[in-house]
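Q: I'd like to go over a predicted model; first the sequence, then the structure.
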Amino acid sequence: MNTTTSLASSSASHTRGTAPQVWDRLWRHVPSAARDDELLTRERRSPRWSLFVARLEATFGSLVGLRTIELGSGRGDLSVLLAERGADVTLFDASDVGLDQARRRFDRRNLPASFVRGDLLGPLDEWTGQFHVALSSGVIEHFAGDERTRAVRAHHEVLRDGGLTMISVPNALCPSYRLWKCYLELRGWWPYGLELPYTKSELLRRAHDVGFFRTDARCVGFWQSVGDHWGRSILKRTPDWANRRSILDNAMGMSLLLFGWRDGDRSLGVSA
């Protein structure tokens with residue numbers, strides 16, 4: 001059964017990072033059911049999802065019963081895949097429009113979830129220490145300065161001892177992404193507001209600063225970046241080779257992934 005909770009968020013959140021109205025405008029575009037299935041199938045086959053599942057299974061043994069929270073979830077791509085594997089998922093976002101679309105998506109797929117409207121940088125007392133897994137995709141690069149550390153800290157705060165976070169952000173060293181972003185900005189077509197990609201060193205430093213016990217950073221998706229950012233413009237479709245692995249992935253892949261473990265007894269598993 002899907003449930004919705006609304007948490008009070010401070011008015012200051014409207015001046016943080018990318019303005020909320022940017023996301024409301026983006027989430028109003030609802031893909032067809034066929035397109036939605038295509039997007040999820042693509043993510044399910046992606047190197048990012050494979051690496052995420054491998055880390056989850058190595059840490060917990062199974063995804064079944066894991067309590068997960070996706071911060072800044074939007075439509076919740078990764079939460080859908082987690083719910084399909086038996087996880088108990090919560091989607092957390094400041095956008096009512098995004099959460100409404102996510103709710104319809106989960107209903108269409110007959111998957112249970114909880115939906116929470118709240119401020120990522122606001123007090124998270126109700127959720128402190130509640131989850132085995134905290135994740136986000138394409139979220140914390142939309143903050144600047146100290147708010148980047150605060151966004152990483154939110155992932156740490158909601159984890160149980162021994163929990164795992166996965167944060168996916170654009171890789172600052174991915175050349176096709178940087179050229180694509182620069183081109184759209186120069187043409188006045190960039191739709192995502194403030195977006196400051198990360199290097200591995202910055203992401204690991206901020207994770208260390210908020211107290212993660214152990215960290216690992218990987219990059220994936222070099223060909224995905226070429227296909228997504230340029231292949232569709234030239235070929236009018238995503239090329240078949242976009243999900244292939246490359247020797248350039250870990251240096252210039254599109255997605256930079258942070259895995260961080262909160263200190264605690266990792267032998268306790270899902271029942272903890």
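A: Perfect, I can see it now.
Q: Skipping adjacent residues, who's closest to the residue nearest in space to the middle of the chain in space?
A: When CA atoms, centre = their mean is applied to the chain, the residue found nearest the centroid is Ser137 (1.6 Å). Nearest residue to Ser137, sequence neighbours excluded (CB to CB, 6 or more residues apart in numbering): Ser168, at 4.2 Å. Every residue, glycine included, has its C-beta placed from N, CA and C.
Q: Toward the C-terminus, what is the element adjacent to the helix or strand where that neighbour lies?
A: Per DSSP states H and E, Ser168 falls inside strand 159-170. Following strand 159-170 in sequence order, the next helix or strand is helix 175-187 (DSSP H and E).
Q: other SSEs contacting that next one?
A: helix 222-226 (3 or more CB pairs under 8 Å, 6 or more residues apart in numbering; DSSP states H and E).
Q: what about the helix it packs on, average pLDDT?
A: Averaged over helix 222-226, pLDDT sits at 70.
Q: do the same with stretch 108-119
A: Averaging pLDDT along stretch 108-119 gives 96.
Q: mind checking the end-to-end distance for it?
A: Length of stretch 108-119, first residue to last, CA to CA, to the nearest Å: 27 Å.
Q: got it, and stretch 194-214?
A: Length of stretch 194-214, first residue to last, CA to CA: 29 Å.
Q: For that stretch, buried residues please.
A: For stretch 194-214, burial by neighbour count (16 or more other CB atoms under 10 Å) applies to 195-198, 200, 202-204, 206-207, 210, 212.
Q: neighbours around the residue nearest to Leu124 when sequence neighbours are not counted, how many?
A: In space, and not counting its chain neighbours, Leu124 is closest to Glu157: 5.4 Å by CB to CB, 6+ apart. By other CB atoms under 10 Å, 20 other residues sit near Glu157.
Q: Wait, Glu157 touches Glu126, no?
A: No - taking contacts as CB atoms under 8 Å, Glu157 lies outside contact range of Glu126: 10.9 Å.
Q: What pairs with the strand holding Ser168, parallel or antiparallel?
A: Applying DSSP bridges to the sheet, strand 159-170 is found paired with strand 131-137 (parallel), strand 255-261 (antiparallel).
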